[in-house]
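[1] Everything below, folded, please.
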Amino acid sequence: MSIMKKVPLDIVALSHSVTQSHNYAVVLGEQDGVRRLPIVIGGFEAQAIAVAMERMTPNRPLTHDLFKDTLETFDIQLKEVIINNLLDGIFYARLICIKEGEEIEIDSRTSDALAMAVRFECPVYTYEFILDAAGVILEDNDDDAIESTTKPLKKQSKPEVKGVVGLAGHTMEELESLLDDVLSNEDYEKAAEIRDEIKKRNG
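    All right, here's what the predicted structure looks like:
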């Protein structure tokens, strides 16, 4: 039996799902091509991915942070994540871990696997048959091509943030204070928007 070639992927967007209004979609893109792979995930998992991508430090560890700390405590490293199957519209994934030179595979929901991959900064792969079945081909980086499945918020972005308005009218000191407040309340979606405004002003 031949070994299937792994296709490396990057997280290119975190978007609202048009087909499932209470969910999000993480959009993966192949590194050496134009195909995109939208995967519907829940709000909690979207937040977990966004927090790690934004390098935010929660006051208390989120579930995925706790799992990462646990693996590292027992000297287990996450080598890579593989989205290895697609059945009845559901994606399946595996965590490929290394402990004392031995490779260990752990079944995982794809959303959890991606949240872990961002934290360990490890590569994400899938197989050609999955991209053939669920991938979307984009031309000239036209993200509108995926709107039938997802509604992109912004490239390299977090879930949409509601409830923080008029940020442009705040001073930098006020923004920093507001950021501390929302982080203390563990409202990481609002924190992401405030962090964006601070980054924009800092150039």
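
[2] residue ranges of the strands in the protein, please?
    Secondary structure of the chain by DSSP state E: the strands cover 6-17, 24-30, 35-41, 76-87, 90-99, 102-109, 124-127, 136-137, 150-151.

[3] closest to residue 196 out of the ones you listed?
    strand 6-17 (13.0 Å; Cβ to Cβ). C-beta here means a position set from N, CA and C on the backbone, and glycine is covered the same way.

[4] And residue 191, how far from residue 201?
    Using Cβ to Cβ, to the nearest Å, residue 191 is found at 16 Å from residue 201.

[5] That should have said residue 121, apologies.
    For residue 121, the distance to residue 201 (Cβ to Cβ) stands at 27 Å.

[6] So for those two, which sits in the more crowded spot?
    residue 201 (12 against 8; other Cβ atoms under 10 Å).

[7] who's in contact with the more buried one?
    172, 175 (Cβ atoms under 8 Å, 6 or more residues apart in numbering).

[8] How about the contacts made by the closest residue to residue 83 other than its chain neighbours?
    Of all residues not flanking residue 83 in the chain, residue 126 sits nearest, at 4.1 Å (Cβ to Cβ, 6 or more residues apart in numbering). By Cβ under 8 Å, 6+ apart, residue 126 lies in contact with 6-7, 9, 28, 37, 82-84.

[9] Just put the strands of the chain in CSV and tack on distance to residue 51.
    Output for the strands of the chain, formatted as CSV (distance: least, Cβ to Cβ, whole Å):
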stretch, distance to residue 51
strand 6-17, 11
strand 24-30, 13
strand 35-41, 14
strand 76-87, 17
strand 90-99, 19
strand 102-109, 17
strand 124-127, 18
strand 136-137, 27
strand 150-151, 20
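
[10] one step back: so can I have a markdown table of the contacts of residue 126 showing neighbour count, pLDDT and distance to residue 90?
    Converted to a markdown table, those look like this (neighbours: other Cβ atoms under 10 Å; pLDDT from 0 to 100; distance: Cβ to Cβ, whole Å):
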| residue | neighbour count | pLDDT | distance to residue 90 |
| --- | --- | --- | --- |
| 6 | 16 | 94 | 20 |
| 7 | 21 | 96 | 19 |
| 9 | 25 | 97 | 18 |
| 28 | 26 | 95 | 16 |
| 37 | 25 | 93 | 14 |
| 82 | 22 | 98 | 15 |
| 83 | 26 | 98 | 11 |
| 84 | 20 | 97 | 12 |
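
[11] Perfect, I'm done here.
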